[in-house]
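>>> Fold the following.
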Amino acid sequence: MRGHAWKAFPEWLETHPGVVGQFSCREIVADLGGAEPCRGVVIPIGLNAEAGLVAAASTRADFPSEIDQLLLSVAANHAAAAFQNARLRHELGAKVEELRQARNELEMKVAERTAD
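From the prediction side, this is the model:
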């Protein structure tokens, strides 16, 4: 959060119809229904927002401008890449551990047969 953050925005996101788990593309919300006029944009991270959302709101009448949308889209793309990288690193670590265990078992078998 930055600036004069609207504290109720996260709650609004959770209760707004069409937001939770139903995004496949960005949505511009013309009026968030606060005390003063506020516009918002919600951009899914990943396919159908499987990794979450990038959301922003502003009292500016022109929000979100083309530049705002571009910057928020870049943020969503970076987040999606970071989440995918983390998932792949986790999977790689699990495979490395699996191979390490297989190697240890093989070395034990070789040692047993050598002793015989």
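>>> hmm, who's touching stretch 26-39?
Stretch 26-39 is contacted by residues 6, 8-9, 12, 16, 18-19, 40-44, 57-61, 63-64, 69, 73 when judged by CB atoms under 8 Å, 6 or more residues apart in numbering. From N, CA and C alone the C-beta is placed, and that goes for glycine too.
>>> helix/strand/coil for Asp31?
With DSSP: H, G, I helix; E, B strand; the rest coil as the basis, Asp31 sits in coil.
>>> What is the neighbour count of Trp12?
Trp12 has 18 neighbours, counted by other CB atoms under 10 Å.
>>> for this structure, which spans come out with low pLDDT?
Filtered on pLDDT under 70, the chain yields the residue ranges 1-7, 17-24, 34.
>>> Ala61 versus Phe53, what's the distance?
Slight slip there: residue 53 is Leu, not Phe. Leu53 is 23 Å from Ala61, where distance means CB to CB, to the nearest Å.
>>> higher neighbour count, these two?
Under the criterion of other CB under 10 Å, the comparison of Leu53 against Ala61 puts Leu53 first, with 19 against 7.
>>> which residue packs closest to that one, ignoring adjacent ones?
Val42 (5.4 Å; CB to CB, 6 or more residues apart in numbering).
>>> wait, isn't that neighbour in contact with Leu13?
Yes: under the criterion of CB atoms under 8 Å, Val42 makes contact with Leu13 at 7.1 Å.
>>> So in terms of bridging, what pairs with the residue nearest to Leu53?
Beta-bridge partners for Val42, by DSSP bridges, are Glu27, Ala55.
>>> In the chain, which residue is most central in space?
Nearest residue to the geometric centre of the chain (CA atoms, centre = their mean): Ala51, 3.5 Å.
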